[in-house]
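Engineer: quick check, what structure comes out for this input:
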Amino acid sequence: MTALDQLVRVHRWNLDEKRQKLVALEQLRERLSGNIATLDAELQHEKEVAARSDVTSIALPAFIRASLERRQKIEESIAEVDRSVAAARDEITEAFQELKKYETAHGNHQRREAQKHSKREQAVADEVGLELHRRHAAGGN
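Structural biologist: Here you go, the predicted structure:
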């Protein structure tokens, strides 16, 4: 395995790691969004229960305040995750460009090696052809 092979492999692995990080961040964002939906459903349920009972309606304002605070914290977390997702996408773009650079260099190296090999084979074939021509010319006189 050449150094270029190893560099391509390392950069491909690095790109895969960054993609996995992005997937984890996107999953976290989805969970946080789900938390908001759950919180909204709980708030709606509590409002319905409070409407049926005077006893539970006393605690409703405190529950609403607490729910709004939780929602605010979750939204802040989502905003932070969104910033992290954007940064992770930038990292993926950079890693992909770096990988392509090494893959191109590797492909160029392989092409040059194939050309060298082809030239050597052609030189051997030419040598054999000349030798056969000499023998034929020497035997024909």
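Engineer: remind me which residues of this protein are low pLDDT?
Structural biologist: Counting by pLDDT under 70, the chain shows low-confidence ranges at 140-141.
Engineer: show me the residue at the heart of it, geometrically.
Structural biologist: Centroid check for the chain by CA atoms, centre = their mean gives Arg19 as the closest residue, at 2.5 Å.
Engineer: now for that one: which residues touch it?
Structural biologist: Ile92 (CB atoms under 8 Å, 6 or more residues apart in numbering). From N, CA and C alone the C-beta is placed, and that goes for glycine too.
Engineer: residue numbering should commence at 40 henceforth.
Structural biologist: Renumbered: residue one is now 40, and that last one reads Arg58.
Engineer: how close does it get to Glu87?
Structural biologist: Using CB to CB, to the nearest Å, Arg58 is found at 44 Å from Glu87.
Engineer: residue contacts, Ser123?
Structural biologist: Residues in contact with Ser123 (CB under 8 Å, 6+ apart) are Leu64.
Engineer: figure out the helix or strand that it lives in.
Structural biologist: helix 93-179 (DSSP states H and E).
Engineer: next, the contact list for the nearest residue to Ala134 once chain neighbours are set aside, please.
Structural biologist: Leaving aside its chain neighbours, Ala134 sits nearest to Leu54 (4.4 Å; criterion: CB to CB, 6 or more residues apart in numbering). The contact partners of Leu54, by CB under 8 Å, 6+ apart, come to Ile131, Ala134, Phe135, Leu138.
Engineer: change it to 10 Å
Structural biologist: Glu130, Ile131, Glu133, Ala134, Phe135, Gln136, Glu137, Leu138, Lys139 (CB atoms under 10 Å, 6 or more residues apart in numbering).
Engineer: gap between it and Arg128?
Structural biologist: Relative to Arg128, Leu54 is positioned 12 Å away (CB to CB).
Engineer: check which helix or strand the residue nearest to the centre of the chain maps to.
Structural biologist: Assigned by DSSP H and E, Arg58 falls within helix 42-91.
Engineer: angle of that helix against helix 93-179?
Structural biologist: If you take axes from the mean of the first three to the mean of the last three CA atoms, to 10 degrees, helix 42-91 sits at 160 degrees to helix 93-179.
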